[in-house]
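Undergrad: Dropping a prediction and its sequence here:
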2 protein chains.
Amino acid sequence: MNRYEQLANILGGRIEQGLYPVGQRLPSVRMLSSEHGVSVSTVQQAYRVLEDRLLVEARPKSGYFVSASKPQAALPAVCRTPQRPVDISQWEPVLALINSRINPAVIVFGGGTPDISPASLKPLTRALARMAQRQDLSTLGYDSIDGSKILRDQIARLMIDSGSHMGAENLVITTGCHEALSIAIRSVCQVGDIVAVDSPSFHGAMQTLKGFGMKALEIPTDPVTGISLEALEMALEQWPIKAIQLTPNCNNPLGYNMPDDRKRALLRLAQAYDIAIIEDDVYGDLAYQYPRPRTITSFDDDGRVLLCSSFSKTLAPGLRIGWIAPGRYRDRAIHMKYIGTGATATLPQLAIADFIRQGDYLIHLRRMRYQYQQNLCLITDWVREYFPAGVRVSRPQGGFMLWVELDEKMDTQRLNRLLEPENIHIAMGSIFSASGKYRNCLRLNYAQLDSQIHKPAIKRMGELIHQLMANS
Amino acid sequence: MNRYEQLANILGGRIEQGLYPVGQRLPSVRMLSSEHGVSVSTVQQAYRVLEDRLLVEARPKSGYFVSASKPQAALPAVCRTPQRPVDISQWEPVLALINSRINPAVIVFGGGTPDISPASLKPLTRALARMAQRQDLSTLGYDSIDGSKILRDQIARLMIDSGSHMGAENLVITTGCHEALSIAIRSVCQVGDIVAVDSPSFHGAMQTLKGFGMKALEIPTDPVTGISLEALEMALEQWPIKAIQLTPNCNNPLGYNMPDDRKRALLRLAQAYDIAIIEDDVYGDLAYQYPRPRTITSFDDDGRVLLCSSFSKTLAPGLRIGWIAPGRYRDRAIHMKYIGTGATATLPQLAIADFIRQGDYLIHLRRMRYQYQQNLCLITDWVREYFPAGVRVSRPQGGFMLWVELDEKMDTQRLNRLLEPENIHIAMGSIFSASGKYRNCLRLNYAQLDSQIHKPAIKRMGELIHQLMANS
Ligand SMILES: Cc1ncc(COP(=O)(O)O)c(C=O)c1O
Ligand SMILES: Cc1ncc(COP(=O)(O)O)c(C=O)c1O
């Protein structure tokens, strides 16, 4: 392949993938020439190839633009889920996943850790260090059960960006989003209850349902618009569903933002059937769009949405600081908080509150959103370059997770076994389903990419996938 | 009253209270003279009064000793508990208790906070500050689900003092003892199960049973030897009990250490009926005796004891670092840990591990044990001085909690209401019972006593008790 053909393939892949929206102006010839280390005429030849493929249009004196008629890369399919509540399986592979994330020799694509290395996080570690010196009850004593008021005030202020106007008294600080989800589920459900979930869905929330004895009803979910309201309504007709648990913004693992009208429609459904919504917004602040998308909570007018979130994805997961806005379930949520962990740790709350108050949180967010968006281009390029032609990848609108769908015959558990001796680590698709679906899918974390390390790893992954395909 | 009579009353009270054991040499005349600011002859007169009361014996050339025939102060009574499993009540007063502990204007006798001000804690805050500067995955990333190996190694080493020889792989770090108890209960019990508890019992553990839908069967408990094995065996005969939850060392609220032979006998009972024991050892390292008492866990040879503990009482509760040794229930405990909070915060684990490794933990413990034992003398003196004559108080063998039993007619909820405008805060006895018993009891925290502040507060409490008694 010529250099200009290579470049055309990369750019074409990004356009088909939707990384440059229709009508957007593409990078200038000069920029691409310096970015990719090729001559101006090579870039021009590449753009001509893309014009021939009807992906771009040249506009005189303005440059190149994404063509309105561009073909779209195929998205991951909407899965047929079992149309009944199931007992959740998959604990062993989830355990394997969380156990493997701390070996420094391993190239981790499977974990949920953000990039914690940027300098924009420095003010936070400095605040932690400064406050840790204080030997008093505000840092070492028991906090109040709902958490530090000064942190709750800051979170309430940040929540305005997601369309919510609530006071600090409506928030309860938790030990990460895990505890928020755990509290939410225990606040609205009993053993044996049925909970509807988006599918694929965050394994942690599903394991929580499993651990507390609830059943999951997986609802087919579109990789662009989110949970199918039609399928959900049918399920609500048929089953005594107690709650809906989902991640409507920067979905894990699919990456979509559910459109506002669908969020409203979902809320109306919940009202009609008088059930609760457990909304996970843990990646919401990492949406690439500005302003960030609204939460379902922000439309809620009768307190039936329990919002769960944390600073684990935006700042650092080791702090274990999250929150729940439990709406009308507050009394029960406080009891559940008390019996789960008692009060939340004091010191990290104070340090984070300081970090937000100083404006450093928004600076850090801006930095990370930009990096994650850049990394999305890189990893998409690599996957399209090295994985078999039929591969389908998601189009994340935020966060740092890519969902990859391989040929139906592929089993990512087998892939995983081959990757282990190579010290490469992925999240298998099956853990994102209550019933072990998505065996041919995998999730890749692109928070921190180094072309020297991660590109060869994706290449090796592609080779092994080709090999598995050939043998099957 | 003369000065020498006053002094005789204080010393006599301490002896009757068991604060100086039989045969122990009492403080010298010279020491008491300087401690109490009275003349040598006043002390000599006081000792003569005590000889007349048969509390002390003078031995030529050796000094004064506690007489073997000394009368004993009455202990709190063993309570008649309901002889059937009950649904646990008392959440509202527990909530009121935990909510009130953060108002700095209030003199807090009701909370569970240790003294976090001593200089011996400085190396810990320094370690926290130093490690907080490190911006890497070891402090900010997700930890492994069972917690930091270097902390588990240190805890395993400390546990040798309680007679346990187990490897770090048998421990799981938790978000305080609360989470350890919550994990233990969820690991062995289902909704509707019956759990036997010592009575009075730690309200947090009982609220956890309540929140997860279990019933409590309160077993009468002796203020010196602990849970009645006879009553427990009868209950085991009669009810399908799933587990026994208790605090055998430095019991909260009664303060006893269960004798070793009774610990062994309890384990044999659990083996005979094939049930689990959930052992709370959160105050165990604060036992006044050396070496510290053994845990039931240390006698366990078939993994049926789940040991729960934390650094909340020995170091500082705001750190929220505890652990569970779940024995044979490890797999389930790990699942319960994951769905409760995910991993535990990283930074405080590293700082505590460092603190222990440097030997600072044992130095701090020695300091605190001494202080708490001294404070026990003070608060016992004050209670005996200001409370009505019939008052019965516990004889704590460790920790920093005094249990006070008032006249049967007293209702400490009414006392609490009178104390509120005085900004004095106690823990009402009723929260230590699943069925609202112990209305005439209260618990006092003596971790940090200042004679200028706490003595007048106890005095005022005594006046209000007298007043309530007169009106009843
Ligand atoms: C959607 C989602 N919710 C919640 C969590 C857990 O967040 P935390 O680490 O704050 O408990 C994760 C992290 O993996 C996640 O992806
Ligand atoms: C007997 C007992 N167990 C457990 C706890 C809770 O400990 P932690 O603060 O570590 O959750 C307490 C504290 O009040 C207690 O008294």
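TA: Received, thanks. Ligands and ions are numbered 1, 2, ... in the order given.
Undergrad: my read: A:Leu376 touches A:Leu19, true?
TA: Yes. Using CB atoms under 8 Å, A:Leu376 makes contact with A:Leu19 at a distance of 6.7 Å. (Glycine included, C-beta is placed from N, CA and C.)
Undergrad: neighbour-wise, which of the two wins?
TA: The residue with more neighbours, out of A:Leu376 and A:Leu19, is A:Leu376; 27 against 19, by other CB atoms under 10 Å in any protein chain shown.
Undergrad: just how off-centre is the strand or helix carrying the more buried one within its chain?
TA: Using DSSP states H and E, A:Leu376 maps to helix A:360-386. Centre-to-centre, helix A:360-386 and its host chain are 13 Å apart (CA atoms, centre = their mean, to the nearest Å).
Undergrad: in it, what's buried?
TA: Neighbour counts over helix A:360-386 (16 or more other CB atoms under 10 Å in any protein chain shown) mark A:360-361, A:364-365, A:368-369, A:371-373, A:375-384, A:386 as buried.
Undergrad: I'd like the next helix or strand past the longest strand that chain A contains.
TA: Longest among the strand segments of chain A by residue count, using DSSP state E, is strand A:215-222. Toward the C-terminus, strand A:215-222 is succeeded by strand A:226-227 as the next helix or strand (DSSP H and E).
Undergrad: Going by neighbour count, list what's buried in the helix or strand just after that following strand.
TA: Sequence-wise, the next helix or strand downstream of strand A:226-227 (DSSP H and E) is helix A:229-238. For helix A:229-238, the neighbour count (16+ other CB under 10 Å) marks A:229, A:231-233, A:235-236 as buried.
Undergrad: counting contacts, what elements does helix A:229-238 pack onto?
TA: Applying 3 or more CB pairs under 8 Å, 6 or more residues apart in numbering or on different chains; DSSP states H and E, one finds that helix A:229-238 makes contact with strand A:194-199, strand A:215-222, helix A:260-272.
Undergrad: hmm, back to that, what does the longest strand of chain A rub up against?
TA: With contacts defined as CB atoms under 8 Å, 6 or more residues apart in numbering or on different chains, strand A:215-222 is touched by A:78-82, A:84-88, A:192-201, A:206, A:209-210, A:227-228, A:231-232, A:235, A:239, A:241, A:251, A:254, A:256, A:433-435, A:437.
Undergrad: Tell me which residues touch A:Thr295, please.
TA: If a contact means CB under 8 Å, 6+ apart, then A:Thr295 has A:159, A:162-164, A:248-249, A:263, A:279, A:281, A:284, A:305, A:307 as its contacts.
Undergrad: Check the spacing between A:Thr297 and A:Gln154 real quick.
TA: Using CB to CB, to the nearest Å, A:Thr297 is found at 17 Å from A:Gln154.
Undergrad: Sorry, slip of the keys, the one I care about is A:Leu171.
TA: Distance from A:Leu171 to A:Gln154, counting by CB to CB: 10 Å.
Undergrad: These two: who's more crowded?
TA: Under the criterion of other CB under 10 Å, the comparison of A:Leu171 against A:Gln154 puts A:Leu171 first, with 24 against 20.
Undergrad: List the residues that contact that one.
TA: A:Leu171 is in contact with A:146-147, A:152, A:155-156, A:323-325, counting by CB under 8 Å, 6+ apart.
Undergrad: Now it. Nearest residue, chain neighbours left out?
TA: Once flanking residues are discounted, A:Leu171 sits nearest to A:Arg152: 4.5 Å by CB to CB, 6 or more residues apart in numbering or on different chains.
Undergrad: Looks to me like that neighbour is in a helix.
TA: Yes. Assessed by DSSP: H, G, I helix; E, B strand; the rest coil, A:Arg152 belongs to a helix.
Undergrad: My guess is it contacts A:Ser144. True?
TA: No. The pair A:Arg152 / A:Ser144 is not scored as a contact, 10.0 Å apart, by CB under 8 Å.
Undergrad: on contacts alone, who are the packing partners of the helix or strand containing A:Met469?
TA: Assigned by DSSP H and E, A:Met469 belongs to helix A:454-471. Judged by 3+ CB pairs under 8 Å, 6+ apart, the packing partners of helix A:454-471 are helix A:360-386, helix A:412-419, strand A:424-425.
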